[in-house]
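Trainee: Sequence and predicted structure are below.
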Amino acid sequence: MQLIYKIEFNTTNPYFKHIIEDLIKEANINATCKQYRSCLILRFDAKAEAIESFFALLESKLPVSIFLGKSYVIEEFDETIEELEEKDVKQNLSLLTNESIRNIIENNDIDFLNDIVKISKGEVSRFETHNGLKDLFLPNKEIRKRFEKDGFEVKLLITNIDKLTDLFDISNKDLQLLCSIERPLVKLKFKLLQNAQKDFSSTNFIYAKIPDDKETVLFSKALKENNINWVLYVNDEVYQDGLKTTYFNDKNIIIHGDKGLFPKFDYTANKKFNSSKEYFDENGGVYKATLAQYAKRLVPTIGVYFSLKSKSSTISINMPSTGLKEVIVIPNIHNSIENCMDEIATIDEHCQRLVTNYTNKFCEYLSKDVDKNTNGFESILNMCAKVLGLNDAKEFEDIALSVNVKSGIQIDMKLLEMDGINYLDYRRTVQSLMSYKMADVDTGTLAYSFYESLSEFVCNYVNEISTKTKSKDVVLCGDMFSNAILLSKVNKTLSKSYKLMIPKEYPLDY
């Protein structure tokens with residue numbers, strides 16, 4: 001019996017093919033596995049019973065992957081499509097299948113007593129992993145804040161996945177991402193009161209992962225045996241940042257990171273890239289790189305690149321005849337709450353009175369200044385957060401994701417033309433939030449409404465650009481689109497009339 005089986009797979013890295021080839025050898029079946037762009041093709045020439053037995057083996061042993069899509073039997077496959085030539089490019093990725101984890105545990109016996117005693121006493125343990133040094137500690141508000149003050153992002157290592165639902169409201173999709181062979185970081189929401197003392201995080205969310213290499217597997221086992229089901233950690237000296245992931249509908253999305261993805265051979269550019277930064281820089285930025293991924297550089301395409309940290313967030317149009325043109329620019333504002341209030345006061349007399357009244361009513365909100373070392377959307381969100389009594393952009397986004405509303409209120413998103421360039425007038429946005437806050441609208445609704453109004457801003461100007469250019473292709477990129485509110489509402493409106501393209505094989509952002 002001959003059979004062709006297609007597995008959708010959105011990366012050209014070959015490690016998943018190798019896992020399947022090992023299973024073919026284990027099953028001793030007459031079959032091949034070949035990798036193409038966007039898929040793996042399995043061909044069988046064997047008895048029906050042998051094929052059925054192999055698929056049972058596949059179901060029990062094939063791990064989940066963040067790049068894995070649907071799989072199904074096909075009648076034929078176009079033989080003119082070129083198989084990918086495997087390159088000698090190895091990723092920083094430990095293939096932790098169930099069998100390999102079992103072998104690691106059975107064949108290694110390392111004494112972690114000193115580390116466990118230190119962690120149990122509420123101290124910080126410096127631990128060396130395959131990816132470099134990490135500092136680990138039990139959830140503790142003071143230690144967490146100390147690391148965050150020094151610029152570190154605090155994340156969670158889950159050592160006992162059986163206890164996961166004690167701590168988080170977790171979906172099956174969250175669990176699938178966590179357990180993927182790439183071992184990505186996944187943003188999880190704490191159950192009510194589980195983070196009441198803010199020991200884990202300053203918000204109701206945290207990026208979490210399960211062990212991703214031999215050293216961490218063994219250490220996690222030792223921690224679990226000592227009733228330590230999770231620890232916080234920061235990257236001290238690591239070789240690569242882990243992949244941060246999310247999902248939208250049935251698609252997994254990489255937000256940031258290099259570990260397990262780079263180095264990567266790009267078959268379009270016909271060269272190896274060692275990091276996402278190198279890849280994006282060489283391709284002219286995230287938007288142009290995404291155009292190359294979808295082969296749209298010679299097609300009129302609208303691009304929305306909204307990034308938290310980049311200085312270059314824009315809505316642009318790429319025309320084959322004239323190249324890339326920025327239509328709307330997100331400003332890089334002065335990181336000063338005092339300057340922000342001064343700028344709002346200059347809009348008109350109404351705004352001047354608003355600033356005076358707001359300062360009197362919410363003086364404590366404006367007493368601490370914003371972070372000076374930010375750009376683009378992060379600076380704007382920091383300003384929005386401050387006027388609502390929140391600490392920063394992270395807290396602003398997480399409270400927006402926490403509220404249970406389906407639609408918000410209109411937050412002003414207007415343009416300001418300066419020197420022939422159309423900028424998002426951030427003053428109007430902050431002023432709009434202040435006006436609603438003076439009317440006692442709750443903070444969660446206002447934060448949610450910001451993202452909803454930003455989605456309407458995107459959709460309105462995409463439609464306007466499309467009318468002028470006849471473009472029906474739209475690229476959405478930048479880490480702002482990891483926000484579920486923004487992405488879902490933009491998709492709901494624009495997908496009716498446009499082909500929307502989000503990076504699949506590469507991250508959303510640097």
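Mentor: Arrived safely.
Trainee: Let me see the ranges of the strands in the stretch 201-350 of the chain.
Mentor: 205-209, 230-238, 244-248, 251-256, 264-266, 271-273, 301-305, 314-319, 323-329 (DSSP state E, counting those that start in this stretch).
Trainee: Which among those strands is found nearest to Asp135?
Mentor: strand 230-238 (5.1 Å; CB to CB). C-beta coordinates here come from the backbone N, C-alpha and C atoms, glycine included.
Trainee: Could I get the buried residue list for that closest one?
Mentor: 230-236, 238 (16 or more other CB atoms under 10 Å).
Trainee: Could you do stretch 112-128 as well?
Mentor: Those buried within stretch 112-128 under the rule 16+ other CB under 10 Å are 112, 115-116, 119, 124-125, 127.
Trainee: How about stretch 353-361?
Mentor: By 16+ other CB under 10 Å, the buried positions in stretch 353-361 come out as 354-355, 358.
Trainee: Also stretch 501-510?
Mentor: 501-510.
Trainee: now what about it, what contacts it?
Mentor: Stretch 501-510 has contacts (CB atoms under 8 Å, 6 or more residues apart in numbering) with 10-12, 67, 243, 248, 251, 253-257, 261, 276-277, 279-280, 286, 289-290, 293-294, 296, 307-310, 473-479, 481-482.
Trainee: and if you look at stretch 213-221?
Mentor: Contacts of stretch 213-221 (CB under 8 Å, 6+ apart): 94, 96, 101, 104-105, 108, 110, 112, 115, 127-131, 157, 159-160, 210-211.
Trainee: For Leu84, which residues are in contact?
Mentor: Counted by CB under 8 Å, 6+ apart, Leu84 has contacts 12, 14, 35-37, 267.
Trainee: And for Val329?
Mentor: With contact taken as CB under 8 Å, 6+ apart, Val329 is in contact with 313-314, 421-424.
Trainee: give me that answer again for 10 Å
Mentor: 311-316, 376, 415, 418, 421-424 (CB atoms under 10 Å, 6 or more residues apart in numbering).
Trainee: Show the buried residues in those residues.
Mentor: Among these, those that count as buried by neighbour count (16+ other CB under 10 Å) are 312-316, 376, 422-424.
Trainee: Now do the longest helix belonging to the chain, average pLDDT.
Mentor: In the chain, taking DSSP state H as the definition, the longest helix is helix 443-469. Mean per-residue pLDDT for helix 443-469: 99.
Trainee: Between strand 314-319 and that helix, find me the angle.
Mentor: Orientation of helix 443-469 against strand 314-319 (axes from the mean of the first three to the mean of the last three CA atoms, to 10 degrees) gives an angle of 20 degrees.
Trainee: moving C-terminal of helix 443-469, what's the next helix or strand?
Mentor: For helix 443-469, the following helix or strand on the C-terminal side (DSSP states H and E) is strand 473-477.
Trainee: In contact with Leu415, which residues?
Mentor: 327-329, 421-425, 428, 457, 461.
Trainee: Among these, which one lies nearest to Glu153?
Mentor: Looking across the contacts of Leu415 and measuring by CB to CB, the closest to Glu153 is Leu424, at 26.8 Å.
Trainee: which residues does that closest one form a beta bridge with?
Mentor: Leu415 (DSSP bridges).
Trainee: That one: what's it in contact with?
Mentor: Taking CB under 10 Å, 6+ apart, one finds 313-315, 328-331, 377, 380, 413-416, 454, 457 in contact with Leu424.
Trainee: What is the nearest of those residues to Thr346?
Mentor: Leu416 (11.9 Å).
Trainee: Please look at that closest one and Thr346 and confirm they touch.
Mentor: No: assessed by CB atoms under 10 Å, Leu416 is found out of contact with Thr346, at 11.9 Å.
Trainee: tell me, what's touching these two both at once?
Mentor: Arg427.
Trainee: I'd like to know how far Phe55 sits from Phe44.
Mentor: Distance, Phe55 to Phe44, by CB to CB, to the nearest Å: 10 Å.
Trainee: picking up where we left off before, now for the contacts of Val329, which pair is the farthest apart?
Mentor: Largest separation among the contacts of Val329 by CB to CB: Lys311 and Leu415, giving 18.8 Å.
Trainee: Return the residues in contact with the residue at minimal distance from the centre of the chain.
Mentor: The centroid of the chain falls nearest to Ile255 when counting by CA atoms, centre = their mean (2.7 Å). Shown in contact with Ile255 (CB under 10 Å, 6+ apart): 184-185, 187, 207, 243-246, 478-479, 481-482, 503, 507-509.
Trainee: Counting neighbours around each, name which of Phe55 and Phe44 comes out higher.
Mentor: The neighbour comparison of Phe55 against Phe44 (other CB atoms under 10 Å) goes to Phe44, with 20 against 16.
Trainee: for that one, what are its contacts?
Mentor: 1-5, 24, 29-32, 50-51, 54-55.
Trainee: Now, of those residues, which are buried?
Mentor: 5, 24, 29, 31, 50-51, 54-55.
Trainee: With secondary structure and pLDDT as extra columns, can I get those in CSV?
Mentor: CSV is the format used below for these (DSSP: H, G, I helix; E, B strand; the rest coil; pLDDT from 0 to 100):
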residue, secondary structure, pLDDT
Tyr5, strand, 99
Ile24, helix, 99
Ile29, coil, 98
Ala31, strand, 98
Ala50, helix, 98
Ile51, helix, 98
Phe54, helix, 98
Phe55, helix, 98
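Trainee: close enough to count as contact, Asp266 and Tyr279?
Mentor: Yes: contact criterion CB under 10 Å: Asp266 and Tyr279 qualify, at 7.0 Å.
Trainee: list residues touching both of these two?
Mentor: With CB under 10 Å, 6+ apart as the test, Asp266 and Tyr279 both reach 272-273, 289, 292, 506.
Trainee: hmm, back to that, so which of the contacts of Leu424 is the closest to Arg144?
Mentor: For the contacts of Leu424, the nearest to Arg144 is Phe377 (24.6 Å; CB to CB).
Trainee: quick revisit: more neighbours: which of Asp266 and Tyr279?
Mentor: More neighbours surround Tyr279 than the other of Asp266 and Tyr279, with 24 against 19 (other CB under 10 Å).
Trainee: And that one, how far from Leu416?
Mentor: For Tyr279, the distance to Leu416 - CB to CB - is 34 Å.
Trainee: Asp440: how many residues sit nearby?
Mentor: 6.
Trainee: now do the one 3 residues further on
Mentor: Number of residues near Thr443 (other CB under 10 Å) recorded here: 19.
Trainee: was I right about it contacting Ala400?
Mentor: Yes: applying CB under 10 Å as the test, Thr443 and Ala400 come out as touching, 9.4 Å apart.
Trainee: Check which helix or strand the closest residue to Ile51 other than its chain neighbours maps to.
Mentor: Sequence neighbours aside, Phe44 is the residue nearest to Ile51 in space, at 5.2 Å (criterion: CB to CB, 6 or more residues apart in numbering). Assigned by DSSP H and E, Phe44 belongs to strand 39-45.
Trainee: which pair in the buried ones among the contacts of Phe44 spans the largest distance?
Mentor: Tyr5 and Ala50 (13.6 Å).
Trainee: Overlap of the contact sets of these two?
Mentor: With CB under 10 Å, 6+ apart, Tyr5 and Ala50 have common neighbours 31, 44.
Trainee: residue contacts, the closest residue to Ala208 other than its chain neighbours?
Mentor: Distance criterion CB to CB, 6+ apart; nearest residue to Ala208, sequence neighbours excluded, is Leu156 at 4.0 Å. For Leu156, the contact set (CB under 10 Å, 6+ apart) comprises 139, 167-168, 185-186, 188, 200-201, 206-210, 230-233.
Trainee: quick one: contacts for Ile74?
Mentor: Contacts of Ile74 by CB under 10 Å, 6+ apart are 3-6, 39, 41.
Trainee: Tell me the one among those nearest to Asp371.
Mentor: For the contacts of Ile74, the nearest to Asp371 is Cys39 (43.9 Å; CB to CB).
Trainee: I'd say the closest one and Asp78 touch.
Mentor: No: using CB under 10 Å, Cys39 is not in contact with Asp78, being 11.3 Å away.
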